[in-house]
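>>> compute the structure for the input listed below.
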Amino acid sequence: GGLFADGGYQQEAGSSVFFEHCSAKGDGGGASVENSFTQGPNTSAIFRSCLGGEDGGGLHAKGGYQQETGSSVLFENCSAEAHQSTLAWEDNMSFAVSGCPPNGTSGP
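A predicted model of the protein is given here:
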């Protein structure tokens, strides 16, 4: 994929990150992190047209996902071939996803 981290990923305040046309045979086509994926204040993350072979076509965050005030994330046309489509995590999180079906195909 675009990023693999044995630890976590911390996005600095005011920064942006962009993953496009990334793929992985395993988890996390765009990014796969063992701990949490954390967005600092006023950051943006974009996952576009990423494909995961297992879980999390855009992002697989084993330790969870955190987003601070003023931050945004966009998952666009991401998919996973085996289990979960756009995002896979193992800790708590709340969010909204649209246009990314769980059957391994890209959204409209």
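
>>> report the contact partners of the residue most central in space within the chain.
Closest residue to the average C-alpha location of the chain: residue 59 at 2.2 Å, with C-alpha atoms, centre = their mean. For residue 59, the contact set (C-beta atoms under 8 Å, 6 or more residues apart in numbering) comprises 28, 30, 31, 32, 37, 47, 65, 75, 86, 87, 88, 89. Where you see a C-beta, it was placed from the backbone N, CA and C, and this is true even at glycine.

>>> of all these, which two lie farthest apart?
32 and 75 (14.6 Å; C-beta to C-beta).

>>> how near is residue 17 to residue 73?
Using C-beta to C-beta, to the nearest Å, one obtains 10 Å as the distance from residue 17 to residue 73.

>>> now for those two: what residues contact both?
44, 45, 46.

>>> highest neighbour count among those residues?
Most neighbours among those, by other C-beta atoms under 10 Å: residue 45, with 24 neighbours.

>>> helix, strand or coil: sort out that residue for me.
strand (DSSP: H, G, I helix; E, B strand; the rest coil).

>>> helices of the chain, start to end?
For the chain, no helices are identified by DSSP state H.

>>> out of the helices and strands in it, which is least certain?
Lowest on mean pLDDT, DSSP states H and E among the helices and strands of the chain sits strand 87-89, with a mean of 68.

>>> quick one: contacts for the closest residue to residue 74 other than its chain neighbours?
The spatial neighbour of residue 74 that comes closest, neighbours along the chain excluded (C-beta to C-beta, 6 or more residues apart in numbering), is residue 46 at 4.8 Å. Contacts for residue 46 (C-beta under 8 Å, 6+ apart) come out as 16, 17, 18, 19, 20, 73, 74, 76.

>>> for residue 41, see how far away residue 33 is.
Using C-beta to C-beta, residue 33 is found at 19 Å from residue 41.

>>> more neighbours, the two?
A side-by-side neighbour count of residue 33 and residue 41, using other C-beta under 10 Å, places residue 33 first with 25 against 13.

>>> can you tell me which residues contact the residue lying closest to residue 1 once chain neighbours are set aside?
Among residues not flanking residue 1 along the chain, residue 24 sits closest, at 3.7 Å (C-beta to C-beta, 6+ apart). Listed by C-beta under 8 Å, 6+ apart, the contact set of residue 24 reads 1, 4, 32, 51, 52, 53.
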